[in-house]
Each structure stands twice: as structure tokens, then as C-alpha cells.
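Novice: this is a predicted model, with the sequence first.
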Amino acid sequence: MRKCLTNNSNATPLEQSIIGSARAALIRFMDPVYRGVHGLMIVGVFLIVGLWLSGNGTNAGPFDLARVLVPDEARQMVWQGGYTGSSQSGLAALDSQTSEQDIAHIIYGRASFPLIKQETIGLLNPEVARIQVKSISHLADQIPSSKIDPQALDSNLMTPVKNQRAVAEYFEKKYNLDKNKIEEYVSNAVLISREVKIDPVLLLAVISVESNFNPMTKSEAGAEGLMQVMTNVHKEKYAPYGGVAGAVKPEVNIRIGAYILKYLIATSGSLRNGLKFYVGAGNADNDGGYADKVMAERNRIIELCKSSLNTKLAFNGQKERSSPTISRPQSINRPLLHRCTSGLNFFCKCS
């Protein structure tokens, strides 16, 4: 009996040693396999996220991938002016799953308005970039780029200063405007379009149709300024800019108008629908030709930017007059909507 116990006690350490050696060998053998599988899983996650962000449904790009993976570094990169890509490259937009209710909260919500961190961009009037004005980009960026009609995104046609000058000269002659003033308005539109992430050509077309570039224009319904923003409806948006008195200031009126227009395009589903709501015809059968007027002016500006600057400017297919007469702002045939039933009724310019 004692001999049996002695033999068993001698065998147990040997067996344990063999088992331990086998385990150690197995661990050493499997360690590279585990590392490889782990690495493949990480790469797979990156690929899935990257493919999703670069897909047609998100309208995002490489910068959005960086924003998701390293949000703090990406945010710092934006505010330090280290990123100078176009709006179509996806500058700090929210996830495409943001709902319209979330956007409505953004448009109504109160928030602090930081001073603008200006991008490096060539402007016809560089002084415009030196104006100390509060930014609205922190709100505009929350409207998903995937919800914006591609026609409303910046095509970069207004990036060259020579194109800005050509457009300014076009409107100067068309409306007999002061050269310095129209250059200021065009420069503001270009600068603000980068801030709001919307096409400056579209902004200029809307301003042309709405006010003929007269910042003092005021409609019977109460729309004011270059972009004819409804002052009474949007008092809260003017608050960070010193109140409704800022409606006549180009740098304020264009900012708020561009932000509202971007919101309406996002929630209505298209550029034309957004224009229809912007003019207050959301519940009407038609917008009185408003969208057609804006799109026609937009197309003229696009053709102007594409054409040679040496070509004689023409209006409505006819050569310009040597002594253009002063054009009074044309009244827009706005539908008389006294009661709105749409979810976007707070933007309607009803009397």
C-alpha cells in the first residue's frame, strides 16, 4: 500500500510538468494566431465604417471617418483652419440618421454663438473677413450633409476671385449698384457659404430675386434685408447679433437667411421644395414662379463663372446698355397664406 502511494506521488509531478509544457507550447503557438485574428477584426471594423461613410447614402468622405474615429483631433483641425476642403468633402456634419425633429430642435434651440474662425479664402473684398461677427456654423453643421440636395452644395465656382469680380460686375450693371457695396455683398456670400456649407451661387441668386441687392428692402409681410428674412418669426436668431436691427446688416442677414434656407432644403427633400417653403408657399399648389426665377438666376451666374471674363455681359440675351437705368426692386408674387398646416409653417412668410 505504501509502495503504491509512493509510485503515485512520484508520477503526479511528472504528469503536471508534461501538461504545463504542453500548455506553454500551445500558448506560444496560438499567440500569433490570436494576434492575427484580432488585427483582422480591427481592420474589418475600419473597412466597414469607411465604406459606410463613403457610400452614396451618406454624402460623407475621408474627413468624416477621421471625425468618427478621433473626434477631438478632427474638431481641433477644423477650428484651427487646417482643413480647407469643399463642403462636399464633409466638414463636421452630423450622422445621416439625424431626424427632422432633431433638426427642428436645432433651428429653435438657443445656443452660444462663438466668434468665427475664418478660413483662408480669397475674397474680392478682403475686409469682409476681418469683421468681428458671431458664427452660426455650430448650428448649420448639425444639419446632415446627406439631407442636402447636391445642387445646393458648393460647386467651388465662386472660389476664384476673378469669378467673384465677374459676378459683382454683372449685378452692378444689372441693378446699377455701387461697386464697393456689391463687392461687399458678393464677398459676404462667398465667406458665409463656407460657414453654412451651402452654395454661394445659390445665395446670390436668392438675394437677387428677393431684394435686388437692396439691404433696406422690406416686404408688406415683414420680410427684411438682402435675403428677406421674416424678422418677427426669427427674432431669436437675431438676438446674438444685437437684435432685429441687424436685419439690414449684410453679414447678419445673409447668415441667418442661408441657415434657414439650408434647413428648409434638408427638411423638404430638394432644392426646389426648399425654395418653395422659403418664399412661404409650402402649402400652396405653386410658388408663383419663385423657384424658377431663382434657378434661372443661378444658371446665369454659373454660365457667367464658366465663360471668359472678356465676354460682354448680357442680360436676358441682349447686350448691356451703355447707360443702364436704375432698377427698382421687383415685388415677388408671394402666395397669400394666412394659415399653414405644414410642419414647416414657422418659416412661411405669411401676412
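Specialist: Yes, it's here.
Novice: quick one, strands of the stretch 151-300 of the chain?
Specialist: Secondary structure of the stretch 151-300 of the chain (DSSP state E, counting those that start in this stretch): strands at 223-224, 229-230.
Novice: where does the protein have low pLDDT?
Specialist: Low-confidence segments of the chain (pLDDT under 70): 1-11, 49-120, 308-351.
Novice: ok, which stretches of the stretch 51-200 of the chain are helices?
Specialist: 62-69, 71-79, 100-108, 137-140, 161-175, 179-196, 200-211 (DSSP state H, counting those that start in this stretch).
Novice: the stretch 201-350 of the chain too?
Specialist: With DSSP H, counting those that start in this stretch, the ranges of helices along the stretch 201-350 of the chain come out as 235-238, 250-268, 271-278, 290-306.
Novice: can I get these in JSON lines with distance to residue 174 and mean neighbour count?
Specialist: Where C-beta positions appear, they are placed from N, C-alpha and C, glycine not excepted. Conversion of the helices of the stretch 201-350 of the chain to JSON lines gives the following (distance: least, C-beta to C-beta, whole Å; neighbours: other C-beta atoms under 10 Å):
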{"stretch": "helix 235-238", "distance to residue 174": "29", "mean neighbour count": "16"}
{"stretch": "helix 250-268", "distance to residue 174": "18", "mean neighbour count": "24"}
{"stretch": "helix 271-278", "distance to residue 174": "20", "mean neighbour count": "23"}
{"stretch": "helix 290-306", "distance to residue 174": "10", "mean neighbour count": "18"}
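Novice: does residue 221 touch residue 230 like I think?
Specialist: Yes - using C-beta atoms under 8 Å, residue 221 is in contact with residue 230, at 7.1 Å.
Novice: ok, back up a step: now the helices of the stretch 201-350 of the chain as a markdown table including distance to residue 160?
Specialist: As requested, the helices of the stretch 201-350 of the chain are exported to a markdown table (distance: least, C-beta to C-beta, whole Å):
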| stretch | distance to residue 160 |
| --- | --- |
| helix 235-238 | 32 |
| helix 250-268 | 20 |
| helix 271-278 | 24 |
| helix 290-306 | 8 |
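Novice: for residue 18, which of those is the nearest?
Specialist: Closest to residue 18 of the helices of the stretch 201-350 of the chain, according to C-beta to C-beta: helix 250-268, at 69.3 Å.
Novice: now that closest one - C-alpha only, PDB.
Specialist: What follows is helix 250-268, C-alpha atoms only, in PDB (Å, rounded to 0.1, in the frame of the first residue of the first chain):
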ATOM      1  CA  PRO A 250     -25.400  92.000 -44.900                       C
ATOM      2  CA  GLU A 251     -23.200  89.900 -42.700                       C
ATOM      3  CA  VAL A 252     -26.100  89.200 -40.300                       C
ATOM      4  CA  ASN A 253     -29.000  88.900 -42.700                       C
ATOM      5  CA  ILE A 254     -27.200  86.600 -45.200                       C
ATOM      6  CA  ARG A 255     -26.000  84.400 -42.300                       C
ATOM      7  CA  ILE A 256     -29.500  83.800 -40.900                       C
ATOM      8  CA  GLY A 257     -31.100  83.500 -44.300                       C
ATOM      9  CA  ALA A 258     -28.500  81.000 -45.500                       C
ATOM     10  CA  TYR A 259     -29.000  78.900 -42.400                       C
ATOM     11  CA  ILE A 260     -32.800  78.900 -42.800                       C
ATOM     12  CA  LEU A 261     -32.500  78.100 -46.500                       C
ATOM     13  CA  LYS A 262     -30.200  75.100 -45.700                       C
ATOM     14  CA  TYR A 263     -32.700  73.900 -43.100                       C
ATOM     15  CA  LEU A 264     -35.600  74.100 -45.500                       C
ATOM     16  CA  ILE A 265     -33.800  72.300 -48.300                       C
ATOM     17  CA  ALA A 266     -32.800  69.500 -45.800                       C
ATOM     18  CA  THR A 267     -36.300  69.000 -44.400                       C
ATOM     19  CA  SER A 268     -38.300  69.400 -47.600                       C
END
